[in-house]
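Participant: Mind folding the following:
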Amino acid sequence: MEIILLENIINLGSIGDKVSVKNGFGRNFLLKKGKALRFNKENQELVNKKKDELNKKNNEIKIKFKEIAKLVNNKTFTFNRECKESGDLYGSIKPKEVTNLIKEKSNAEVSPSQIILKNDLNKIGLFKAEINFHSDVRAQISIKVDKIESK
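Facilitator: Numbers count the residues shown, from 1 in each chain. Predicted coordinates for the structure are as follows:
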């Protein structure tokens with residue numbers, strides 16, 4: 001499927017680019033979320049006319065995300081969990097829980113899909129994670145998982 005991007009998308013392209021994607025990805029994600037238009041002459045002309053406006057909107061979003069990234073970049077967020085003798089947790093910590101802790105501690109809005117965990121959070125220790133706010137804005141965080149004494 002040939003599409004025209006309406007915003008910058010990591011590993012795909014930038015605003016106004018004509019790209020070829022699989023039908024399901026195009027139909028179910030890009031078109032549905034308003035991130036792209038089907039490629040045809042009318043849509044291409046429309047995007048060319050609105051490209052400056054789209055770039056301006058994209059820059060505003062990027063500035064907003066840079067401010068949020070400053071709040072969380074290089075910070076450590078700590079979870080206290082019960083665990084087995086071996087240091088394994090009962091279950092694992094999911095990105096949704098990480099976003100809730102970030103919101104609670106830093107008052108920053110982050111969606112679970114923006115968090116990239118390098119390791120599973122199922123043991124006691126210190127873990128690195130990356131937050132992709134925008135194709136040009138990323139933040140690094142540390143997640144510390146501490147043991148709490150069970151009763």
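
Participant: Just the mean pLDDT for the strand or helix carrying Leu101, thanks.
Facilitator: Using DSSP states H and E, Leu101 sits within helix 95-106. On average, the pLDDT along helix 95-106 is 93.

Participant: Other residues contacting whatever helix or strand comes next after that helix?
Facilitator: Downstream of helix 95-106, the next assigned helix or strand under DSSP H and E is strand 115-117. For strand 115-117, contacts defined as CB atoms under 8 Å, 6 or more residues apart in numbering pick out Pro95, Val98, Thr99, Phe127, Ala129, Glu130, Ile131, Asn132. C-beta coordinates here come from the backbone N, C-alpha and C atoms, glycine included.

Participant: want to throw the residues you listed into TSV with neighbour count and distance to Ile4?
Facilitator: Listed next are these as TSV, based on neighbours: other CB atoms under 10 Å; distance: CB to CB, whole Å:
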residue	neighbour count	distance to Ile4
Pro95	18	31
Val98	22	34
Thr99	19	31
Phe127	20	39
Ala129	18	33
Glu130	13	29
Ile131	24	28
Asn132	16	23
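
Participant: would you list the residues you listed in JSON lines and tack on distance to Asn119?
Facilitator: As requested, the contacts of strand 115-117 are arranged in JSON lines below (distance: CB to CB, whole Å):
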{"residue": "Pro95", "distance to Asn119": "13"}
{"residue": "Val98", "distance to Asn119": "13"}
{"residue": "Thr99", "distance to Asn119": "17"}
{"residue": "Phe127", "distance to Asn119": "5"}
{"residue": "Ala129", "distance to Asn119": "9"}
{"residue": "Glu130", "distance to Asn119": "12"}
{"residue": "Ile131", "distance to Asn119": "15"}
{"residue": "Asn132", "distance to Asn119": "17"}
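
Participant: Alright, that wraps it up for me.
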